[in-house]
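>>> Okay, predicted coordinates and the sequence, questions at the end:
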Amino acid sequence: MAAVGGHVKRCETVVVPSCKIGLVGQEQFRDIPVTLYRAQGNYAEAAPLYRRSLTIYEKALGPEHPHVATALINLAGLYQAQGNYAEAEPLFQRSLAIMEKVLGPDHPHVALSLNNLAGLSYSPNRARSSAPRSSGRASTR
């Protein structure tokens, strides 16, 4: 825990001045502690912070705001890192639905959301279904 505090202090010395002069947005700074917890594998510390962030965004901005979608991605990514794919998938799907509705189906953030779902499908250690997998080639029929 002390190591995380040290990293946060080091980040603050660079990020806070950048925020004050507009080089870095406050939202990036706010995520530093939870990002450090996650990077260190301290999921027990990161999970409640991600859930709280999601709740705050939903209450403040409504359930279909892009910041809510981002909070969903963060929490889903944490679950994915833990190997908890059943929890991650609906969050990634909800994020995708928000991005498509708010930004349109061809927006780059929608592509990122699709990429998140695809990555979940190919996560190592994920139990594969017994259904036959495609050969990877598109059908010409």
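All right, it came through fine.
>>> tell me the contacts of Glu87?
Going by CB atoms under 8 Å, 6 or more residues apart in numbering, Glu87 touches 76, 79. C-beta here means a position set from N, CA and C on the backbone, and glycine is covered the same way.
>>> quick one: buried residues of stretch 57-64?
Within stretch 57-64, the residues that count as buried by 16 or more other CB atoms under 10 Å are 57-58.
>>> What of stretch 93-109?
For stretch 93-109, a neighbour-count test (16+ other CB under 10 Å) marks 93-96, 98-100, 109 as buried.
>>> Narrow these to those in helices?
Mapping these onto helices (DSSP state H) picks out 93-96, 98-100, 109.
>>> would a markdown table of these with distance to Ala118 and pLDDT be doable?
As requested, those are exported to a markdown table (distance: CB to CB, whole Å; pLDDT from 0 to 100):
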| residue | distance to Ala118 | pLDDT |
| --- | --- | --- |
| Gln93 | 12 | 96 |
| Arg94 | 16 | 97 |
| Ser95 | 13 | 96 |
| Leu96 | 11 | 95 |
| Ile98 | 18 | 97 |
| Met99 | 15 | 95 |
| Glu100 | 15 | 96 |
| His109 | 15 | 90 |
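>>> Including distance to Ala81, could these go into CSV?
Below are these laid out as CSV (distance: CB to CB, whole Å):
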residue, distance to Ala81
Gln93, 18
Arg94, 18
Ser95, 16
Leu96, 19
Ile98, 22
Met99, 21
Glu100, 25
His109, 21
